[in-house]
Structures are given as C-alpha cells and as structure tokens.
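S.K.: could you work out the structure for the sequence below:
(one chain, ligands or ions: 1)
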Amino acid sequence: MSNNVFREAPTSPRLTIYFDDNHNGDGLATLEDYKAIFEKHFIGAQFQDVMEWCSGPAFVGFTFLAEGIFRNLVCADIEADVERSINKTLEHKPNYKHRVKFIHSDCFDNIDQKFDLIVGNPPHFIDDSSQEYKTFLKRNIIHKTEYDCDRTAIDWDWAGHKKFFQQVRQHLKPGGYVILNENAQGATEETFEEMIAESGLQKYAVYASTNPSRPFYWYMILKG
Ligand SMILES: C[S@@+](CC[C@H](N)C(=O)[O-])C[C@H]1O[C@@H](n2cnc3c(N)ncnc32)[C@H](O)[C@@H]1O
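M.R.: The predicted structure follows:
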C-alpha cells in the first residue's frame, strides 16, 4: 500500500534516495552504524554482489553503492510496492540501472544468486503485544496505516527470520558475510541463537548502535 508521496533522503553527496512513508523502516538511522561497522570490521573492503533483504527503498544498499563499498545490489522485499521507490531513485541515477535489481520475494524464494554480503533490517517484533511495539506504533502511525506498520515491524512468531536462516547459507558465497540490524526492544542475541546454529553460519561479531537516538539497535555480523 503506497501513499504516492515520495520523500527525498540525500544520504551521500552523490545520491538521493526516494521513499514513501509506508516503506520507511528507519533504515536511514542505521547508516552511521553501518559506516562504523565497515570501518571497524571490513576496512578497505569492496563487496561485489550484495543483497539487501527486507530492502524497502534500500537505504543501506544505495548508500554504500554510492560510497563505492558495494558493486552490485539485489534489493528484495515481500512487499512488491517498494519497487516504485527503488525505480524512482534509479530514474535519478540511470548509471546504476545495470547494477541494481529489485526482486519481489519472501526471504530468498525467487532468488537463485549467491552473494558476498547480505544486509537487512527485518521487522523487529515477534507480535503486537509488547509495550515497546505499541510505542513504536504510536510514533509511526502519523504517516502509516496500522496494516503497513504491522508489515514493517512485526515478524509473527519470527517466521521470516526462521525462513531466512534456513535459506541463507545456500545464497552466500564461500566466506561471505551477513549483517542484520535488530532492536533490543524486540529481540536479544539469545532470540536467534538456535536459528543461527541451524543455519550453519558462524557468529563473527555483535555491534551495538552508537546512535544516541537509537541506543536499542544492535547488529549481528555472521560469516558463511
Ligand atoms: C523494518 S522494515 C525495513 C525497511 C527498510 N529496509 C528500512 O531500513 O527502512 C522491514 C521490511 O521488511 C519487509 N519484509 C518483512 N518480511 C519479509 C520477508 N519475509 N521477506 C522479505 N521482506 C520482508 C517489509 O515489507 C519491510 O519493507
């Protein structure tokens, strides 16, 4: 569901990302953390094939493409309508068209590629019962319908995470990495321990946000 109004986020001197409020999952607030993660753990690295799971408008993907850290980008989201935002960004960046592709997909369902890096900002809550979720809903309801909020914020019974961890290994190139942004108000490291163990990935590092307005964000970095 889209409200047809595009907002603009100039996330790098070379790039403006277009998005609509219904598909904004706060990814803009994660960019400084990603920058710090690349500087701390992947200094000088360039990732050839990158997938942004749960991409929405692909704030992370487009930004680090513009920064030269990502070369090619697959944006994947269960919500087909996010493609409009991605296409709008590409309209203004035609030279990225051959490097960026959107795939409408639940986790990896329609994807047969393997990647050097998979990033993602998935829904952070298991259901709608917690006070933290209700606070989230109140903060975001101004621009969104309740339906869209749920889609953005809730991963019922962690079904999406479970499916992601079941499928992810076969989509990582040897030695590839996964970086997922999570929210301590909805999940801790322990929440995903069993899923990670079954995925066959190794825990590489955990990074706590240094964004003073989002102290609850944390990032798990996994290695294939
Ligand atoms: C927290 S929002 C993140 C949006 C955007 N990446 C950002 O950072 O602002 C979560 C996104 O995940 C998508 N999503 C939820 N479940 C999914 C699944 N199983 N597979 C792919 N995308 C999913 C939603 O449609 C939504 O766009």
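
S.K.: wait, residue 210 sits on residue 35?
M.R.: No: shown here, residue 210 and residue 35 do not form a contact pair, counting by CB atoms under 8 Å, at 10.4 Å. Using the backbone N, CA and C atoms, a C-beta is placed for each residue, glycine as well.

S.K.: these two - which one has more neighbours?
M.R.: residue 35 (14 against 11; other CB atoms under 10 Å).

S.K.: what does the strand ranked longest in the chain contact?
M.R.: Taking residue count as the measure and DSSP state E as the definition, the longest strand of the chain comes out as strand 172-183. With contacts defined as CB atoms under 8 Å, 6 or more residues apart in numbering, strand 172-183 is touched by 27, 30, 33-34, 37, 42, 49, 53, 114-122, 124-125, 168, 192, 201, 204, 216-224.

S.K.: these in helices, which ones?
M.R.: In helices, judged by DSSP state H, the following of those are found: 33, 34, 37.

S.K.: which residue is the nearest non-sequential neighbour of the second one?
M.R.: In other words, residue 34. residue 60 (5.8 Å; CB to CB, 6 or more residues apart in numbering).

S.K.: do I have it right that the one you found meets residue 31?
M.R.: Yes: counting by CB under 8 Å, residue 60 does reach residue 31; the two are 6.8 Å apart.

S.K.: higher neighbour count, these two?
M.R.: For the pair residue 60 and residue 31, the greater number of neighbours falls to residue 60 (27 against 18), based on other CB under 10 Å.

S.K.: which strand or helix spans that one?
M.R.: Secondary-structure element containing residue 60, defined by DSSP states H and E: helix 59-66.

S.K.: what's the mean pLDDT across whichever helix or strand comes after that helix?
M.R.: Counting by DSSP H and E, the next helix or strand C-terminal to helix 59-66 is strand 70-77. Rounded to a whole number, the mean pLDDT of strand 70-77 is 98.

S.K.: mind giving me the packing neighbours of strand 70-77?
M.R.: For strand 70-77, the contact count by 3 or more CB pairs under 8 Å, 6 or more residues apart in numbering; DSSP states H and E identifies strand 47-53, helix 59-66, strand 100-104 as packing neighbours.

S.K.: as JSON lines, these with mean pLDDT and distance to residue 184 would be great.
M.R.: Supplementary listing: those in JSON lines, determined by pLDDT from 0 to 100; distance: least, CB to CB, whole Å:
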{"stretch": "strand 47-53", "mean pLDDT": "98", "distance to residue 184": "20"}
{"stretch": "helix 59-66", "mean pLDDT": "98", "distance to residue 184": "19"}
{"stretch": "strand 100-104", "mean pLDDT": "98", "distance to residue 184": "30"}
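
S.K.: closest to residue 8 out of the ones you listed?
M.R.: helix 59-66 (12.2 Å; CB to CB).

S.K.: elements contacting that closest one?
M.R.: Of the remaining helices and strands, those touching helix 59-66 by 3+ CB pairs under 8 Å, 6+ apart are strand 7-12, strand 15-19, helix 31-41, strand 47-53, strand 70-77, strand 100-104.

S.K.: could you redo the last one with a cut-off of 10 Å?
M.R.: Helix 59-66 is packed against strand 7-12, strand 15-19, helix 31-41, strand 47-53, strand 70-77, helix 82-91, strand 100-104, strand 115-120, with contacts defined by 3 or more CB pairs under 10 Å, 6 or more residues apart in numbering; DSSP states H and E.

S.K.: can you add distance to residue 132 and give those back as TSV?
M.R.: Shown next, in TSV, are those (distance: least, CB to CB, whole Å):
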stretch	distance to residue 132
strand 7-12	25
strand 15-19	24
helix 31-41	19
strand 47-53	22
strand 70-77	23
helix 82-91	25
strand 100-104	30
strand 115-120	20
